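Engineer: Turn this into a structure:
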Amino acid sequence: MSKQISAEYVKELRSKTGAGMMDCKKALQASGGDMELAVENLRKKGLALADKKSTRIATEGIIESYIHSGSRIGVLVEINCETDFVARRVEFQRLAKDIAMQIVACPSVSHVSLDSISQNTIDNEAKIESDKEDLINKPNNIRNKIIAGRMEKRLKEISLLNQPFIKNPDITIEELLKQHIALLGENIKIRRFEKFLLGEGLIKKVNDFHSSIVNKS
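Structural biologist: Numbers count the residues shown, from 1 in each chain. Predicted coordinates for the structure are as follows:
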């Protein structure tokens with residue numbers, strides 16, 4: 001006989017994983033009410049489903065925007081799915097808004113994924129690391145290991161999919177996407193994004209009050 005699980009407990013699991021209500025109920029029953037085990041099992045299921053759908057073509061979706069308080073930074077992001085039906089789902093639109101907010105919250109992020117980072121960027125980052133003073137006198141084998149470790153960390157810092165989700169740091173943005181793939185039944189991809197920083201690239205005028213006073217005297 002399956003264990004009785006309260007609706008509140010099911011809703012709690014749904015909020016943690018984004019999985020459907022029935023899937024959450026079944027996971028809790030299968031785990032004997034163990035929330036952590038149910039979360040783990042649902043995440044594994046979501047990853048498996050997402051991996052199966054990851055090669056499917058996704059050309060529908062939406063372009064979402066987010067302007068941060070103060071209107072000094074904004075983001076446009078394109079999120080793709082397979083059908084217009086899913087693009088209009090509130091869960092998909094909420095995901096797009098969360099992704100836009102995530103990009104604003106991560107100033108170091110400049111690429112969607114590790115795979116989208118150009119070789120030129122990788123080479124430049126490697127040169128910066130190899131030229132750091134604390135590595136100059138290290139033996140080559142140790143120096144190379146340190147550089148490799150720092151490079152791995154640095155590339156993850158600029159990759160959106162590798163960021164901890166701001167609303168739930170226990171999962172990454174990649175895992176968040178996979179949860180929604182499992183929930184909505186379609187492949188979902190972040191195609192591209194653009195940040196807009198107020199005044200970026202402009203030469204700002206500096207008022208030198210001291211010089212102006214001296215010149216007038």
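
Engineer: going forward, measure contacts and count neighbours with C-alpha atoms only.
Structural biologist: Will do.

Engineer: any idea what sits nearest the residue most central in space within the chain, other than its immediate chain neighbours?
Structural biologist: Centroid-nearest residue in the chain: Ile173, 3.5 Å away (criterion: C-alpha atoms, centre = their mean). Distance criterion C-alpha to C-alpha, 6 or more residues apart in numbering; nearest residue to Ile173, sequence neighbours excluded, is Leu161 at 4.8 Å.

Engineer: okay, stretch 76-96 in CSV with CA atoms only?
Structural biologist: C-alpha atoms of stretch 76-96 as CSV (Å, rounded to 0.1, in the frame of the first residue of the first chain):
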residue,chain,number,x,y,z
LEU,A,76,17.5,41.1,-24.1
VAL,A,77,17.5,37.3,-24.3
GLU,A,78,16.2,34.8,-26.9
ILE,A,79,14.8,31.5,-25.5
ASN,A,80,13.8,28.8,-28.0
CYS,A,81,11.4,25.9,-27.7
GLU,A,82,9.8,23.7,-30.3
THR,A,83,6.2,25.0,-30.6
ASP,A,84,4.3,28.3,-30.2
PHE,A,85,2.0,26.5,-27.8
VAL,A,86,4.8,26.0,-25.2
ALA,A,87,6.2,29.5,-25.9
ARG,A,88,2.8,30.9,-24.6
ARG,A,89,2.9,28.7,-21.5
VAL,A,90,3.2,30.8,-18.3
GLU,A,91,6.0,28.4,-17.1
PHE,A,92,8.1,29.1,-20.2
GLN,A,93,7.6,32.8,-20.0
ARG,A,94,8.5,32.8,-16.3
LEU,A,95,11.6,30.9,-17.2
ALA,A,96,12.6,33.5,-19.8
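
Engineer: Okay, the residue nearest to Ile173 and Ala58: tell me how far apart.
Structural biologist: 17 Å (C-alpha to C-alpha, to the nearest Å).

Engineer: So for those two, which sits in the more crowded spot?
Structural biologist: More neighbours surround Leu161 than the other of Leu161 and Ala58, with 22 against 17 (other C-alpha atoms under 10 Å).

Engineer: circling back: backbone dihedrals for the residue nearest to Ile173, please?
Structural biologist: Backbone dihedrals for Leu161, given as degrees, to the nearest 10, come out at phi -60, psi -20.

Engineer: That one touches Lys178, doesn't it?
Structural biologist: No - at 10.8 Å, Leu161 does not count as touching Lys178 under the criterion of C-alpha atoms under 8 Å.

Engineer: Name the spans of the chain whose pLDDT lies under the cut-off.
Structural biologist: 1-3, 17-20, 46-52, 54, 205-217 (pLDDT under 70).
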